[in-house]
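Chemist: need the 3D shape of this:
(one chain, ligands or ions: 2)
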Amino acid sequence: MDMLTLHAYAKINLALDVLYKRADGYHEVTMVMQAVRLADTITLVDQPHDIELSVSIPGLPADSGNLAYRAAALLKSYAASQQGAHIRLDKRIPLAAGLAGGSADAAAVLKGLNTLWGLNLGLDKLSKLAAQLGSDVPFCLFNGTMQATGRGELLEPLPPLKPCYVVLAKPAIAVSTSWVYQNFNPGKVTVRPDIRAMRTCLAQGNLAGVAQNLVNVLESVTIPAYPEIAKIKESMLTYGAMAALMSGSGPTVFGLTSCQEQAQDIACRLQAEGVPEIFVAETVSKVE
Ligand SMILES: C[C@@](CO)(OP(=O)(O)O)[C@H](O)COP(=O)(O)OP(=O)(O)OC[C@H]1O[C@@H](n2ccc(N)nc2=O)[C@H](O)[C@@H]1O
Ligand SMILES: Nc1ncnc2c1ncn2[C@@H]1O[C@H](COP(=O)(O)OP(=O)(O)O)[C@@H](O)[C@H]1O
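Modeler: Ligands and ions are numbered 1, 2, ... in the order given. A predicted model of the protein is given here:
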């Protein structure tokens with residue numbers, strides 16, 4: 001019996017711009033994405049024929065409603081494989097948080113089963129399958145620091161973000177990504193990210209410059225609906241984060257700092273304020 005254990009890392013968006021709504025209903029975006037060391041654990045065990053999934057928390061589907069299951073089914077069908085697998089998903093990344101937890105799980109299952117089943121598909125092929133599962137899944141195959149365009153599936157590696165600490169704070173709300181995109185109104189956007197400036201700062205290893213350039217246009221949808229997000233951003237800055245931003249469609253807010261002790265201190269103070277879910281994570285700088 002073969003077994004494989006993988007980490008499925010969460011992501012944050014250092015920059016997120018929406019260019020226009022496409023004919024297929026998706027939005028054309030430009031994003032700078034960064035993997036962080038907050039991970040679900042996926043354990044894969046080889047078995048004949050069937051795909052089975054067990055999940056560590058209630059409220060998460062353990063069938064084709066789960067992206068991890070869908071990833072396995074898609075790979076099995078694409079490769080016309082007779083093999084199956086038991087997938088054990090230990091969830092740590094909060095759900096519907098803007099951290100791509102489901103996408104990370106799907107990417108880890110694609111990579112892991114490619115190995116376990118001896119399929120030898122290249123990352124290019126896996127990336128195409130990943131895009132069928134969701135716009136953020138291809139990034140999760142690669143991790144590190146990347147620019148994403150198209151609907152998020154077209155990737156270009158960027159110079160790695162100078163290693164730093166990320167405080168992640170999620171208020172007690174779940175936000176639907178499709179609701180946020182549906183309600184996006186370019187007329188409500190006041191600041192758009194300067195992606196070129198962000199790229200220059202990354203290339204120079206200029207963390208302060210990266211921090212100054214954090215912008216996410218989806219804040220214009222999520223923050224008016226959930227003002228507690230703005231409150232967490234303000235608190236992060238008061239407690240000494242270099243900068244703070246909502247990740248993806250929200251509601252998680254992340255703050256950057258170069259110092260681990262300061263990150264822990266910010267996390268403690270947010271906890272004292274009653275923010276229910278808080279994590280401190282390092283950045284992940286290379287493909288793992
Ligand atoms: C906003 C972002 C930023 O990284 O992340 P999350 O907040 O979900 O983590 C992503 O763009 C989310 O990617 P993902 O969650 O994979 O989205 P999908 O499953 O492909 O699509 C979910 C919903 O969002 C809409 N959508 C998604 C991507 C995109 N570029 N334009 C869209 O309009 C789709 O129409 C769909 O209704
Ligand atoms: N493996 C999974 N982990 C988390 N959510 C999943 C998974 N599979 C399907 N989902 C569904 O997708 C929704 C949003 O997923 P998630 O990836 O956590 O958030 P986000 O899109 O904000 O990054 C969840 O509410 C859940 O119903």
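Chemist: so which strand or helix has residue 45?
Modeler: Residue 45 belongs to strand 27-48 when assigned by DSSP states H and E.
Chemist: for that strand, name the packing helices and strands.
Modeler: If you count contacts as 3 or more C-beta pairs under 8 Å, 6 or more residues apart in numbering; DSSP states H and E, strand 27-48 packs onto strand 3-21, strand 83-90, helix 101-116, strand 145-149, strand 165-170, helix 195-204, strand 277-282. C-betas here are computed from N, CA, C, even on glycine.
Chemist: and the second one, C-alpha only, in PDB?
Modeler: I take that to be strand 83-90. Extracted C-alpha coordinates of strand 83-90, given in PDB (Å, rounded to 0.1, in the frame of the first residue of the first chain):
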ATOM      1  CA  GLN A  83      -6.600   3.100  -9.800                       C
ATOM      2  CA  GLY A  84      -8.300   4.700  -6.900                       C
ATOM      3  CA  ALA A  85      -7.300   6.500  -3.700                       C
ATOM      4  CA  HIS A  86      -8.400   7.300  -0.300                       C
ATOM      5  CA  ILE A  87      -7.900  11.000   0.400                       C
ATOM      6  CA  ARG A  88      -7.700  12.200   4.000                       C
ATOM      7  CA  LEU A  89      -8.100  16.100   4.300                       C
ATOM      8  CA  ASP A  90      -7.100  17.700   7.500                       C
END
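Chemist: distance from it to the middle of the chain?
Modeler: The chain centre lies 22 Å from the centre of strand 83-90; the measure is C-alpha atoms, centre = their mean, to the nearest Å.
Chemist: mind listing what's buried along it?
Modeler: Residues of strand 83-90 classed as buried by neighbour count (16 or more other C-beta atoms under 10 Å): 83-89.
Chemist: and the angle from that strand to helix 101-116?
Modeler: 140 degrees (axes from the mean of the first three to the mean of the last three C-alpha atoms, to 10 degrees).
Chemist: name the surrounding residues that touch strand 83-90.
Modeler: Applying C-beta atoms under 8 Å, 6 or more residues apart in numbering, the external contacts of strand 83-90 come out as 40-56, 60, 66, 68-69, 72, 76, 105, 109, 113, 116-117.
Chemist: sorry, back to before: let's have the helices and strands packed on strand 27-48 in TSV, adding mean pLDDT and distance to ligand 2.
Modeler: Shown next, in TSV, are the helices and strands packed on strand 27-48 (pLDDT from 0 to 100; distance: least, C-beta to the nearest ligand atom, whole Å):
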stretch	mean pLDDT	distance to ligand 2
strand 3-21	98	8
strand 83-90	98	6
helix 101-116	98	3
strand 145-149	98	14
strand 165-170	98	10
helix 195-204	98	21
strand 277-282	98	12
